[in-house]
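Participant: Show me the folded form of this:
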Amino acid sequence: MYTITTGGSTDSRNRSRSSGSRFSSPSRSRSSSERFSRGQSRGGSRGGFSRGGGRPLNPKRGFKKDYIDEKLFINKEAGVTETDHYKPTHKFTDFGIAEMLSANLTAKGLISPSPIQDQAIPVVLQGGDVIGIASTGTGKTAAFLIPLINKLVANKDHKIMVLTPTRELAQQVEAEFVAFTRGMKLFSVSCVGGAPIMRQIKELELGVHAVIGTPGRVKDLIERGKINMNYFDSIVLDEADRMLDMGFIDDMRSILGAMPKTKQGLFFSATFSPDIKRLCSDFLQNPVTVSVKSRDTAASVMQDVVRVQGDGEKIEALHGILLKPEYGKVLIFREMKRHVDGLAEELNKRGFKALALHGDMHNRERERAVKALETGKVQVVIATDVAARGLDISDISLVINYDIPNNYETYIHRIGRTGRGTKLGHALTFVPKR
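Facilitator: Presented below is the predicted three-dimensional model:
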């Protein structure tokens with residue numbers, strides 16, 4: 001079901017900063033590939049490591065594990081998603097966006113918008129606030145980047161901010177921004193925890209049009225006087241519900257509260273909790289709600305359980321699954337970082353190419369794991385829930401819940417890493433024998 005309602009509450013680019021930068025604005029030349037090599041796109045998370053400003057987390061913080069009926073892990077009749085039946089009313093070329101932006105979209109193969117894009121982009125282009133309710137993998141990033149980039153093309157004095165819950169998601173939003181703005185002399189920086197803050201400060205001093213970051217690091221840079229929110233007139237909260245879950249509510253409110261009263265706000269979330277409603281009521285003006293969430297789990301993911309008893313039987317079952325030729329890219333979720341490392345080591349001993357991915361790893365190690373799975377250099381990445389949201393690796397054939405997730409919402413996001421778009425995927429959850 002798709003609804004839209006209104007409510008009350010890597011080429012070289014000559015880097016000549018716009019005069020309206022509000023940050024210092026010398027000129028320089030630098031390629032987009034160099035920008036990534038210097039650690040700009042790095043998302044931040046609170047999955048057991050410090051936030052943007054390097055502030056320590058409470059080591060005693062924990063999450064209560066919900067009971068999840070095993071029937072929710074089973075869907076043996078995967079097929080075409082309901083989204084496939086949606087008939088878009090536009091093509092991207094119908095939106096009246098800048099010619100170069102339209103050309104960049106075409107070069108990426110983007111012709112017909114997804115439901116969230118089809119319904120949200122016209123509203124954002126008209127300057128309206130949007131509440132986007134959509135499941136993972138529905139194209140939310142392009143839904144907010146395309147109209148906001150068009151806004152920057154029309155007036156480079158505009159500044160936009162995108163807040164994300166994790167480094168990985170920030171990195172992917174940054175990559176999309178770079179691809180969409182190729183040749184347009186629009187510049188961005190990822191202000192995220194776990195990456196060198198002085199490099200981010202240098203980028204800000206050079207002048208940027210878009211800041212993509214995690215709430216903790218962005219707030220830190222505001223407090224250091226390196227980001228002046230008075231000059232930002234558009235803000236996106238991407239995966240707003242996840243940021244709330246991770247304890248970023250105070251940082252989010254502080255950042256939003258530092259912006260001008262007249263601004264454009266775009267809040268995207270998979271769920272619409274009371275806390276999200278309050279944020280919308282406090283900071284959005286007559287927002288249009290676009291909802292394209294038709295079901296909790298994608299119909300494109302075939303889901304089943306694997307019944308095992310004990311660690312020995314569990315690892316042998318996993319070994320057998322990974323031997324199947326149809327599973328060329330596999331993402332395995334575990335709850336604890338030390339268990340992630342242990343399973344990666346065990347699988348490598350057994351002859352599988354596997355890497356770990358969790359919050360205690362350095363940025364370059366995490367990026368290496370993502371890239372290795374993306375390019376097929378490894379068959380398996382074992383991860384904590386730091387990879388459950390925002391991670392977009394093409395053609396993941398199988399997601400395995402080696403450990404049952406803490407709650408059903410986490411399960412939804414885990415298996416959302418496969419079966420993305422119009423593709424089919426598989427998800428298996430290991431459960432105890434009865």
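Participant: just checking, D403 touches R334?
Facilitator: Yes: with contact defined as CB atoms under 8 Å, D403 counts as touching R334 (5.0 Å). In short, each C-beta sits where N, CA and C put it, glycine included.
Participant: These two: which has the busier surroundings?
Facilitator: Neighbours around D403 and R334, counted as other CB atoms under 10 Å, are more numerous at R334. The numbers are 22 against 19.
Participant: I'd like the distance from that one to R420, if you could.
Facilitator: Remark: distance between R334 and R420 (CB to CB, to the nearest Å) = 22 Å.
Participant: Please apply the same query to K337.
Facilitator: In this structure, K337 and R420 are 26 Å apart, going by CB to CB.
Participant: likewise V306?
Facilitator: 23 Å.
Participant: Give me the more crowded residue out of those two.
Facilitator: R420 (22 against 19).
Participant: Grab the nearest non-local neighbour of that one.
Facilitator: Nearest residue to R420, sequence neighbours excluded (CB to CB, 6 or more residues apart in numbering): G137, at 4.1 Å.
Participant: Would you check that that neighbour makes contact with G416?
Facilitator: Yes: proximity of G137 to G416 meets the contact threshold set by CB under 8 Å, at 5.4 Å.
Participant: higher neighbour count, the two?
Facilitator: In terms of neighbours (other CB under 10 Å), G416 is the more surrounded of G137 and G416; the figures are 25 against 22.
Participant: buried set for stretch 105-115?
Facilitator: Residues of stretch 105-115 classed as buried: 105, 110, 113-115 (neighbour count, 16 or more other CB atoms under 10 Å).
Participant: Can you tell me which of those residues is nearest I146?
Facilitator: Nearest to I146 out of those is L105 (CB to CB; 7.1 Å).
Participant: Can you name the residues that contact that closest one?
Facilitator: Contacts of L105 were listed using CB atoms under 8 Å, 6 or more residues apart in numbering, and they are 92, 146, 180.
Participant: So for it, what's the pLDDT?
Facilitator: pLDDT recorded at L105 is 94.
Participant: Also P26?
Facilitator: As predicted, P26 sits at a pLDDT of 35.
Participant: What segments of the stretch 251-400 of the chain are helices?
Facilitator: For the stretch 251-400 of the chain, applying DSSP state H, counting those that start in this stretch gives helices covering 274-283, 310-322, 337-349, 363-375.
Participant: Quick check: buried residues in the shortest one?
Facilitator: Yep, that's helix 274-283 we're talking about. For helix 274-283, a neighbour-count test (16+ other CB under 10 Å) marks 276, 279-280, 283 as buried.
Participant: I'd like the distance between L125 and L163.
Facilitator: Noted for L125: a distance of 21 Å to L163, by CB to CB.
Participant: So between these two, which is more surrounded?
Facilitator: L163 (28 against 16).
Participant: isn't the more buried one right up against S234?
Facilitator: No: counting by CB under 8 Å, L163 stays clear of S234, with 11.8 Å between them.
Participant: quick one on the thing from earlier: and the two most separated of the buried residues of helix 274-283?
Facilitator: Largest separation among those by CB to CB: I276 and F283, giving 11.0 Å.
Participant: which residues are common contacts for the two?
Facilitator: With contacts defined as CB under 8 Å, 6+ apart, no residue is adjacent to both I276 and F283.
Participant: hmm, back to that, just the buried subset of the contacts of L105, please.
Facilitator: Members of these that pass the buried threshold by neighbour count (16+ other CB under 10 Å) are listed as 92, 146, 180.
Participant: Reformat these as a markdown table; add distance to M246, pLDDT and secondary structure.
Facilitator: A markdown table is the format used below for the buried ones among the contacts of L105 (distance: CB to CB, whole Å; pLDDT from 0 to 100; DSSP: H, G, I helix; E, B strand; the rest coil):
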| residue | distance to M246 | pLDDT | secondary structure |
| --- | --- | --- | --- |
| F92 | 33 | 89 | helix |
| I146 | 27 | 97 | helix |
| F180 | 27 | 97 | helix |
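Participant: between those residues, which is closest to I121?
Facilitator: For those, the residue nearest I121 by CB to CB is I146; the value is 5.8 Å.
Participant: Just to check, the closest one is in contact with L101?
Facilitator: Yes: assessed by CB under 8 Å, I146 is found in contact with L101 at 7.0 Å.
Participant: what's the weakest-modelled helix or strand in this structure?
Facilitator: None of the helices or strands of the chain scores lower by mean pLDDT, DSSP states H and E than helix 32-37, at a mean of 35.
Participant: Tell me which helix or strand comes right after that one.
Facilitator: Counting by DSSP states H and E, the next helix or strand C-terminal to helix 32-37 is helix 99-107.
Participant: Going along the chain from that next one, find the next helix or strand for me.
Facilitator: Using DSSP H and E, the helix or strand that follows helix 99-107 towards the C-terminus is helix 115-125.
Participant: and that following helix, C-alpha only, in PDB?
Facilitator: Extracted in PDB, the C-alpha atoms of helix 115-125 (Å, rounded to 0.1, in the frame of the first residue of the first chain):
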ATOM      1  CA  PRO A 115       7.600   4.700  -5.000                       C
ATOM      2  CA  ILE A 116       9.300   6.800  -2.300                       C
ATOM      3  CA  GLN A 117      11.200   8.800  -4.900                       C
ATOM      4  CA  ASP A 118       8.100   9.300  -7.100                       C
ATOM      5  CA  GLN A 119       6.100  10.700  -4.300                       C
ATOM      6  CA  ALA A 120       8.700  12.600  -2.200                       C
ATOM      7  CA  ILE A 121      10.800  14.300  -4.800                       C
ATOM      8  CA  PRO A 122       8.000  16.600  -6.100                       C
ATOM      9  CA  VAL A 123       7.200  17.800  -2.600                       C
ATOM     10  CA  VAL A 124      10.900  18.400  -1.700                       C
ATOM     11  CA  LEU A 125      11.400  20.300  -5.000                       C
END
